[in-house]
Structures are given as structure tokens and as C-alpha cells.
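Q: just to be clear, the model below is a prediction. Sequence and coordinates:
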Amino acid sequence: MVSDDISWIISRSLRRVERSIRDANALDKLFSDKGIDQKGVRNKDLFGPHLLTSPRAKNISDAGMFSIGVTKAVVDRFNMSIQAIKEQIRGRPPVLDHCPFSIAPDCTPSMMSRYRTIDGSCNNIFNGFWGASFTPFERMLPAVYDYFDKPRQTSVKGLPLPLARTISTRFHLPSVPANLMRDRSHMTMAFGQFLSYDIQRNALATGYDGANIDCCTDNVERRRHNCFPIEIPTDDTYYSPFNRTCMNFVRAFPTPNLDCYLGQREQLNQNTHYIDGSQIYGSDQFTSDSLRSFTGGTLKTGLDPDIPNMLPKDTNNSANCILPQLISNVQCFMAGDVRVNEQPALASLHTIFMREHNRIATGLSALNNSWSDQVLFEEARKIIGAILQHITYNEYLPEILGSAIMYSYDLYPRSYGNIHGYQSNTNPSIRNEFATAAFRFGHSMVHDSLKYRGSSLLFKDLFNNPTTLYHANGGIDGIIKGLLDWQSQKVDERLSQQITRNLFERQSGFGADLAAINIQRGRDHGIPSYLSMKAFCNVSDNVHSPSVWSSLKGIYNVSEDIELFPAGVSEQPVTGGKVGPTFACIIAKQFEALKKGDRYYYEYFGNQAFTPKQLDEIRKTTLSKVICRNTGLHTIPSKAFRIDNSPYLRCSSVSDIDYNHWKCGWLEWELWRPCVNFIRFRIRTCSGPRPCATHVCTGNSFHVEMCDSHAGVDILRIRTNIRIFESMLKQEEKINGTVDLSTAQDLFKDVIRQ
Ligand code: HEM
Ligand SMILES: [Ca+2]
């Protein structure tokens, strides 16, 4: 009987995994002692900001190893599916003593809270871990690894898959000017990356004490368990002259499932999965606190008087940026996501949203001087989260998916009022197929260079290099203007050589290839094949041009082996959108889950809700307006993602958010409504009491007067001053004059109906 043997199998495999973790750690230490693995960047090969993995992920990865080890032992022994075994042993305590997810967060305080937690926990009251930082990616389909959790390297026919670098050189040809997207700005690329770093940050394996693992050392032991180097063929026309046969690549740390029980190898998202501005504020309390000034609800800014209002500086250069030796004040920046310095367009968007936060906090404090730093910070953060969601669902996604898909997944925001729609049984978490393939479509939109103050700067000179942003006359403005003035590359199989040869390059010939990395990452994560995902999405045949499909077939030989990133990115786009139908389906499903599964989605009713008037203000926001409000630019396109025919926006005419709708207590009276049936009235609304400190008011208040109307002109007949509180005439506060209340109410009802 399975359950009789199982305890023994489990305890034996736990001991075995313990031993292998000890051995692996010892090996990591040895490599670090020998100086092979080093903290910080070296001049060769790929050591970009994606490798700045948090130490917390390392601890979770040990639990991941236990979960995988036990599962493997049990499945091997009983030759049953994981699900069948789970059913046999239901009710037993979890395998892992040190499961990172065994103690569910206490969600009682969050039930009534207006604000998201910093780490995303308790957004879902019943599943407090859903969408929280440091939890696993979900999947659309089960993972497909080689033997158990080994990266997929074998064709369905048993032969080795083509090398990732070979697929890159043969299929992901260099993008050329003729491939430019006619109608989408380079800002579409930049915002896509900014959004993507809000919702996902994979945890790439690190070595001893956080050192970068070098999987390309000549040492015979180079294939450590987290190494999965990208082999460079000897006939590689670009890399071979530099004698390179290996591109560094480490696997993502494993994590157990949320139930910490038996399961496949899963990967960890270090950021909150929700669209909540975590790239600005951080995904854990420590990071968030380190970014705040703790006065007036604002975030810290750099202290350089020559270039004010920049992000705070990373004075220790913990992100290993390239800093000019001679100019001492040029440093990289700190933000809620460590990848902020990857390239200046990303850092510029970070800066603009940090400024927008500080502007909003200041605007709110001017109106509510009793609000503490904490309330101001949280209210401003709540508004920024809403603005990011509004730009995403209202402006960005329609440009990528087209309107038919937006409608069919109910992704468009409404134009007024709050909506119902939260589904507590929807898991919002980022799906592995989305993070590892579909949303990387943006890599194909990357141009060779950024346009900057009249010149073009190649990306290879911009990676991890903040110098352009330190321009006294607006480095940020220069980069942003360039993004608005220039097109993106088309979403297709072609990628810029700046990222397929020169990614994070510090020495000629020693850059990395992002197309190969995407493919290799898909294998590392066990991403199902393209045809499986296409079938999952019910996509019909012929979504590639014949030449593209035959090129894929020629490279892979077996259609079932064709992988999701190359085949997905090269599909012909859906009507009105920029990605093909399989990626569109994966992206739409993900953003549907991020909307339905986010209790704090900005349009929803509930304890956390914005008032309809506040929502009006948020819905007026566009990316262009945010840019206008936070740069020195004068005239920019009104649609930041469009490059053709977008009318221009004069920044001086862009109004600020009307903070009156965030004022505690009664808002201003609205205008008198016309006189009807000898009655006229006006309304004011209470914007409190939350987050106001005291209970100042509730609902609406009506002010009713008797009136007469002659030739369309309203004249006052009797001043009555009837004020009726608590929505719709339930209770009367004060009556002056001669009208008795029941008569007024009767008449007033008629007025309301008109
Ligand atoms: C110059 C621009 C960009 C550079 C240099 C860049 C670079 C990278 C690198 C090095 C990785 C890690 C790859 C790995 O090890 O698996 C990555 C991941 C990713 N990139 Fe980009 N990228 C850029 C633009 C974009 C854009 C425009 C998008 C989307 C519209 C995007 C979406 C993603 C996503 C979704 C991931 C996976 C993130 C994760 O799970 O941690 N990137 N990118
Ligand atoms: Ca987030």
C-alpha cells in the first residue's frame, strides 16, 4: 500500500537532499574561494542586474530542492502521477519542516484596509500568499522537463534539441530599419519593460554569499547543479573569433508549490505579481522603507543640487554599474526594483513615476494638513497604483492586443463609476508561460539605439550606465523625448544585435544574446512547446507566414519541438494589435487574472474603493500627462504609444489631479440644478471619512430651495434652506422658512426623477 511505505521514502529522500544541498554549498564556497564566482561584475560575459537575486530566494530554493527531491523519490518508487500520490496521502503533514509558505499570513488587518500591503500578501483574504512577492509563478499548462526537473534538452524524438544560440543566429536575424513599426513609438517598448518589472522578477541562482556563478570556467567541475551554460557553436560567425564557446547562464532557483508538498520544479517571483507600482516602492518592507523620506509621504530623491529631483543614488554601486572614473557624482540609482539601471529609458520612467508620487503626496498634504506621513504615502501610492493600472488597461494593452481581444476578455476600463468584478477564486499570479515567453515579445521591439538630444546612442553603451541621465539640461527629458519621437521595432522574429550580441557587453565579443537566453530560460523552466500552447489557446492553423514557418521547421526538424518564444514572437499580428494570436491569448489571460484577482483593482467597489469623482480624476490620466507633469517638455504627442497622427499636447495646458476629491469632509457645493416644480436643489458629497482622522460626514447632502421660473430664468421665491443628509432624503438637518418637510420631499422626489 502506497501510504505505508511513504513515510520511509520521504524521510530517506529528505536525508539525501540534505546531503546534496550541503555538497552543493561546499562547491559554491570552493568556487568563491578560488575567485571563480565573484560578487559584482566582471569584464566578460553576462552579469547583468537580473542576477541581483535576494538572499531570501536562496533560502526558499533549499525548500524547493527538498520538495523536488521528495517528489522524485516518491514518483520513482510508486510509478504514479503526483496527483494520484497526493490523493493517497492526503491529510498528512507537509513534507517540509521549513516550508516558506506553511504559516499563512494573518489577513484580518487587511480585510478593511484601504491600502495594499507592500509585499502583496492578503490581497486575497482567503489565500494570503496569492500574488505576494517571493511566491511561485503559476502555470497555464504543466511543466515539461527532461528527466524530472532537468532542463528540457531533448527532442520528442529523443535527439538533442538544436542549441539555443543556433536558433538565435539562424532564426532571430538582426532587425533592420525596414522592420520599424510604422505607428508605435519606442515608448511602447519602454513602458512594456517598466510594466513587466512591476509584475515579475525571476530569482536567478547565486553562489556562495550571493556571488555570481560562473558556469563558463574551464574548470572540469563547471557544470554545477544550477549551471546550464549556453553552448556557442564553433562556427559562430560573431563569437568564434573571440574564442568563445560558452555563454554564462544560471538556472532559476527552484521553489516548492504554495502547498509545500509534492510537486514539479517551480520558479519564484521576487516581486509582487500585482500591478501595484512595486517597481517604484519595492516588494518588501525593508526596500520600501529605504526608499521613503518619511516626511510628507514622499519618496527620497537624489541630493545633487545641479540635477534635482532624480532617484536616490546607489552610492555603494551595489548594482555594479559602469561609472565614469573622472566624474565622481555620476552614480546609478535606487528604486523598488533592482533592475532600474538596466538601460536609461527604464530609469527615466522610474524617475517620472517617483516624481509623480511626490507631486501627488504634496498636493494631498496641502489640502489635508492633518494627514500623517504614513497616510500621505499610502494615499499617493494608491493613486500611483491606479494610474499605472489605468495606463496599462486603457492605453497600453489596446495597442498590443487590439480592441477585439480587449473586449472579449473584458479588459477595457469603464468610463464612469465603480464596478463589481473581483473574484476571490481567481489566482492573479504571473504565469510562467507569460513571464518566460509571451511578455518577452517586447524584446523584439527594442531598437538598436535610443534617440537622445539629437543623436543616437547604441544600447551597448547604455546598459548599466547612467551617464546620459546626468545632463544638467534634462537627461531624463532627452531620453523621454527620444522615446516619443521614434518608432519601436516590429514584433517579429528579428531582434536588434544590440541585444543578441552586445547585451551587457563590457569587452568586445563578450556580450550576451537575449534571444538565446529566452530560449534557454524556456528550457530551464520547462515551458511547454509552442504547439501545446497554441492548442491551449485554440489558435487555428497558419498564423505564420509560410517562409517563417518553414524556417522554424528547418531548424527544429520536428514541429512538436518548436519552442514558445521563437514561434510566438514570429506569428503574424492580430487585427489592431502587435502580437500574434498565441501570445495575445497568453497576455490577455494574464491581464484578465491580474484584474479579476486583484481586490485592489482601481475600479472596484469595496472598502478600498475610490469614489466615483476620484475615479474620474484617475481616468483623465494618460502617460503623456504624467510625462508633462514631471518633465520640462513643452509639447508632446497626446498618445504616448502612437507615433502617427497623434494630436499634440501642450504641456502647459495639462491640469493637475483635482485633489479636492481627496479632501476630508464636505466637498464644494455643485451648481444649482434647474428649477422644476417650484423646487431647485444642489448637492455636495462627503469625501470622508476614510482616510480622514475623524468622522466628519457621510453620504451626500442636498440643499433645497423653493423657486419660480419665468421665461427660463430661475428666481428664488422663498428661501427655505432645507438640507437633507444621508443619501436621498432620509433625514433632515434643518428647515428655515415655511415649507413643511413632507411637501418638499414629495416635490423633491419628482425633481430627482427628471
Ligand atoms: C533594452 C531593453 C531590454 C533589455 C536589455 C532586457 C533585458 C532582459 C534580460 C537580460 C532579461 C533576463 C533574461 C533571463 O535571464 O531569463 C529579461 C527578462 C524579461 N524581459 Fe526584458 N529587456 C528589455 C526590454 C523588455 C521589454 C520591452 C519587455 C516587455 C514588453 C521585456 C520583458 C521581459 C520579461 C517579461 C522578462 C522576464 C522577467 C522575469 O521573469 O524576471 N523586456 N529582459
Ligand atoms: Ca507588482
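A: Yes, it's here. Predicted model only: the values in this text are computed from it and were never measured. Ligands and ions are numbered 1, 2, ... in the order given.
Q: pretty sure I307 belongs to a helix, no?
A: No. I307 is assigned coil when assessed by DSSP: H, G, I helix; E, B strand; the rest coil, not a helix.
Q: that one contacts T468, doesn't it?
A: No. Taking contacts as CB atoms under 8 Å, I307 lies outside contact range of T468: 11.9 Å. Any C-beta I mention is one placed from the backbone N, CA and C, and that applies to glycine too.
Q: which neighbours do those two have in common?
A: G475 (CB atoms under 8 Å, 6 or more residues apart in numbering).
Q: neighbour count winner among those two?
A: T468 (23 against 17; other CB atoms under 10 Å).
Q: so what's the more buried one scoring on pLDDT?
A: Predicted confidence (pLDDT) for T468: 92.
Q: give me the phi and psi angles of it.
A: phi -60, psi -30 (degrees, to the nearest 10).
Q: so the residue in the chain that ligand 1 sits nearest to: helix, strand or coil?
A: Among all residues of the chain, G442 sits closest to ligand 1, at 2.1 Å; criterion: CB to the nearest ligand atom. Here G442 is recorded as helix under three-state DSSP.
Q: helices and strands of this protein: which one bottoms out on pLDDT?
A: The weakest-scoring helix or strand in the chain, judged by mean pLDDT, DSSP states H and E, is strand 731-734 (a mean of 35).
Q: what's the local residue count around E560?
A: 12.
Q: same deal with the one 5 residues further on?
A: The criterion is other CB under 10 Å. On that basis, F565 has 28 neighbouring residues.
Q: and if you look at the one 3 residues further on?
A: Neighbours of G568 under the rule other CB under 10 Å: 28.
Q: who are the contact partners of it?
A: Applying CB under 8 Å, 6+ apart, the residues contacting G568 are 437-438, 441, 530, 533, 579-580, 582-583, 586.
Q: let's see that with 10 Å instead.
A: Neighbour list for G568: 433, 437-438, 440-441, 491, 530, 533-534, 537, 543, 562, 579-586 [criterion: CB atoms under 10 Å, 6 or more residues apart in numbering].
Q: confirm it sits in a helix?
A: Yes. Counting by three-state DSSP, G568 is found in a helix.
Q: can you give me the pLDDT of it?
A: 98.
Q: quick one: it from ligand 2, how far?
A: Per CB to the ion, to the nearest Å, G568 is found 23 Å from ligand 2.
Q: give me the neighbour count for the closest residue to ligand 2 within the stretch 401-550 of the chain.
A: Residue nearest to ligand 2 within the stretch 401-550 of the chain (CB to the ion): I430, separated by 9.2 Å. A count of neighbours around I430, defined by other CB under 10 Å, yields 27.
Q: same question for N317.
A: Considering only other CB under 10 Å, N317 is surrounded by 16 other residues.
Q: just Y208 next, same as before
A: So Y208, with other CB under 10 Å, has 18 neighbours.
Q: contacting residues for S638?
A: S638 makes contacts with 622-625, 628, 646-650, 654, as judged by CB under 10 Å, 6+ apart.
Q: please indicate which of those residues are buried?
A: 622-625, 628, 646, 649, 654 (16 or more other CB atoms under 10 Å).
Q: quickly find the element holding whichever residue of the stretch 1-150 of the chain sits closest to ligand 2.
A: Taking CB to the ion, ligand 2 has its nearest neighbour within the stretch 1-150 of the chain at G120, 6.5 Å off. Using DSSP states H and E, G120 falls within no helix or strand.
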